[in-house]
Structure formats: C-alpha cells, structure tokens
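Novice: got a predicted structure plus its sequence, pasted below:
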Amino acid sequence: MVLTGILLAAGRGRRFDPLGARNKLLQPLPGGDPVVAASARLLLSCVPRVVAVVPPEDGGVADVLRALGCEVAVCPEADTGMGASLAHAVRHSLPAEGWLVALGDMPWVAPSTLAALRDAVQGGAGIAVPVFEGRRGNPVAFGALHREALLAMAGDQGARRLLLAHPVLEVAVADPGILRDIDTPSDLPA
C-alpha cells in the first residue's frame, strides 16, 4: 500500500493576521523557505505523491506548492473549515490507498515521524497518530478503510471525530515538532 500525502493549506490564518494582509504560510523561515514550502518538502520526502489543498485566492500558496511538485486542489468551500478541505483533498487523491495528512503551518515535524506514521498504516493500522511526551499531535495517517468517512467530512469538524470513534495506533516519537504550529507572528523564529 502506498500512502498519498495531503497538505492542508487552505486555512485563512485569522489568528496570525486578523485583517488577512499577511498569509502565515508565505512567511519566511530562517533560511528563506516560506512556511508552507518547508512543510511540503517534508511530506514530499516521505511519500511519492502530495495533494495540497488551498482556498480560492490563496495569495500565491498554490504557485509555491506546484513549483515543489505538489498537486494542487483548490477547495471552493475552504472557508467552511478543515473538514471540507480534507474531504476535498481525499476526493482529489482517489484512488489513493491511504493518506498521510499534514498541516501547512507545521514545518518542524521530523522526517522520521512522517515515516513512522506511514509505516504504521502500511503495516495495517487504520489510523496512526504521533505522541510526544503523552500528547497527541499532527500529522495523522489513515488507511483506506476510512475513505468514506473522510469523504463525508464537512465544515470545521476535521478528523477529530474519526479519532474518537475508531481504534488509533499511537506512535511514540521524540519529536516536539508534532505539537508546534504557527498561529501568531510570535510563533515564527526571529
């Protein structure tokens, strides 16, 4: 079984910039890479195919992701929430056999974490989540048996409901990056 990467890059980042003038995904990290490019490179290093979901009028995020080799899926319903974006990306990815779902604002996840989640689902887990010091984080991997539930996602539900309703393999990782995202300008390294 080969997993398809999904990069969720369709949020508006209102906590980062309530006025919407600065897209957090396009902010440079030390070294110059935009946040979303660093996140995408990580996912691309682990799986052969990455579908990145973006909103209409994304300010250039799609261009960055296409240049890296991601397939870009524009989600017209992106503003309704992460569930809509996830369902859209899964639909675009079909006939994928499983998914490694990462967030565009989490560029500090270790490559070994992505590989461990991928391997867990390839080894038979229906859902695999990383755990660091007792706390669950992102990304999350899903096997094909959750295809219909993922396609039925809507609004801002995200996949949390699935994680509560089904067996989840917790993969212990020594990776604080699974808990570290960029929500506000102060989350960016100086």
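Specialist: Cool, got the structure.
Novice: what ranges do the helices span in this structure?
Specialist: For the chain, applying DSSP state H gives helices covering 35-44, 61-68, 82-93, 111-122, 147-151, 160-165.
Novice: then the second one to CSV, C-alphas only?
Specialist: The C-alpha trace of helix 61-68 is given here as CSV (Å, rounded to 0.1, in the frame of the first residue of the first chain):
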residue,chain,number,x,y,z
VAL,A,61,0.4,29.5,-1.9
ALA,A,62,-0.6,27.3,-4.9
ASP,A,63,2.2,28.6,-7.0
VAL,A,64,4.8,27.7,-4.3
LEU,A,65,3.4,24.2,-3.9
ARG,A,66,3.1,23.5,-7.6
ALA,A,67,6.8,24.5,-8.1
LEU,A,68,7.8,22.0,-5.4
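Novice: tell me who's in contact with Asp42.
Specialist: Quick fix: residue 42 reads Leu, not Asp. When contacts are counted by CB atoms under 8 Å, 6 or more residues apart in numbering, Leu42 touches 102, 107, 109, 111, 114. C-betas here are computed from N, CA, C, even on glycine.
Novice: if the first one is in a bridge, with which residues?
Specialist: With DSSP bridges as the criterion, Ala102 is bridged to Leu7.
Novice: which non-adjacent residue is nearest Pro185?
Specialist: Nearest non-adjacent residue to Pro185, counting by CB to CB, 6 or more residues apart in numbering: Phe16, 6.4 Å away.
Novice: ignore what I typed, I meant Cys70.
Specialist: Ala52 (4.2 Å).
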